[in-house]
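Visitor: After the sequence you'll find the predicted model.
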Amino acid sequence: MRRSLAILVCLAACHSEAAPTATPSKPSSSKASSLPTGTVRFETPRGPWLVKVEIVADDASRQRGLMFRRDLPVDTGMLFVFQSADDHAFWMHNTYLSLDLIFLGDDRAVLGVYPNAPPQTDAPRGIGKPSRYVVEVSAGEAQAHAVGPGTKVAFIGVAE
């Protein structure tokens with residue numbers, strides 16, 4: 001029962017779980033937004049991988065996430081910052097792009113990757129482990145850079 005309640009709470013908090021109440025305006029591309037930005041540095045077996053990210057740390061920004069974006073340039077993405085670690089799950093409602101979801105623990109190490117999440121589906125995507133941060137990038141980028149469990153991560157210019 002407690003786990004079910006935690007999952008329901010997460011569904012309301014994650015960007016893709018909350019059902020939209022109105023259709024927001026649809027941007028034609030991933031042009032700059034008013035969200036704060038920073039960089040996530042992955043220390044991979046193939047060398048450092050730097051990802052420029054938009055940072056979302058409030059419920060409204062998490063609910064919107066990357067919905068309605070038509071493109072996401074290579075080495076860019078979105079960093080979801082949560083107040084505490086939980087079994088976060090995302091769906092791809094109104095998300096037009098296939099994404100890799102990279103789940104990080106409190107220690108900023110990769111706990112798991114949900115690769116190639118298909119767009120425009122409502123099925124929750126997660127790794128079944130408590131995470132504190134989630135990085136979304138274009139599908140295939142995590143594998144291309146050999147990002148997997150245990151990969152160390154550093155935040156640059158990310159205020160928490």
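Guide: Sure, I can see it.

Visitor: didn't residue 96 look like it was pressed against residue 120?
Guide: Yes: the criterion here is CB atoms under 8 Å, and residue 96 meets it with residue 120 at 6.8 Å. (C-beta placed from N, C-alpha, C; glycine too.)

Visitor: Count the neighbours of the spatially closest residue to residue 126 that is not a sequence neighbour for me.
Guide: Using CB to CB, 6 or more residues apart in numbering and skipping residues adjacent in sequence, the residue nearest residue 126 is residue 89, 3.4 Å away. Using other CB atoms under 10 Å, the number of residues around residue 89 comes to 22.

Visitor: just checking, residue 89 touches residue 122?
Guide: No: in this structure residue 89 lies outside contact range of residue 122 using CB under 8 Å: 11.2 Å.

Visitor: which is the next helix or strand following the lowest-mean-pLDDT helix or strand in the chain?
Guide: Ranked by mean pLDDT, DSSP states H and E, the helix or strand of the chain with the weakest confidence is helix 2-13, at a mean of 37. Following helix 2-13 in sequence order, the next helix or strand is strand 37-44 (DSSP states H and E).

Visitor: in that next one, what counts as buried?
Guide: Residues of strand 37-44 classed as buried by neighbour count (16 or more other CB atoms under 10 Å): 38, 40, 42, 44.

Visitor: between the helix or strand just after that strand and strand 37-44, what angle do the directions make?
Guide: Scanning forward in sequence from strand 37-44 by DSSP H and E, the next helix or strand is strand 47-56. Angle of strand 47-56 versus strand 37-44, following axes from the mean of the first three to the mean of the last three CA atoms, to 10 degrees, is 150 degrees.

Visitor: Of all the residues in strand 47-56, which ones are buried?
Guide: Within strand 47-56, judged by 16+ other CB under 10 Å, the buried ones are 49, 51, 53-56.

Visitor: With pLDDT and distance to residue 132 as added columns, please give the buried residues of strand 37-44 in a markdown table.
Guide: Shown next, in a markdown table, are those (pLDDT from 0 to 100; distance: CB to CB, whole Å):
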| residue | pLDDT | distance to residue 132 |
| --- | --- | --- |
| 38 | 97 | 15 |
| 40 | 98 | 13 |
| 42 | 98 | 16 |
| 44 | 97 | 20 |
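
Visitor: Quick check: the farthest pair among these?
Guide: 38 and 44 (18.6 Å; CB to CB).

Visitor: returning to that earlier point: for residue 135, state which of the buried residues of strand 37-44 is nearest.
Guide: For the buried residues of strand 37-44, with residue 135 as the reference and CB to CB as the criterion, the closest is residue 40, at 5.6 Å.
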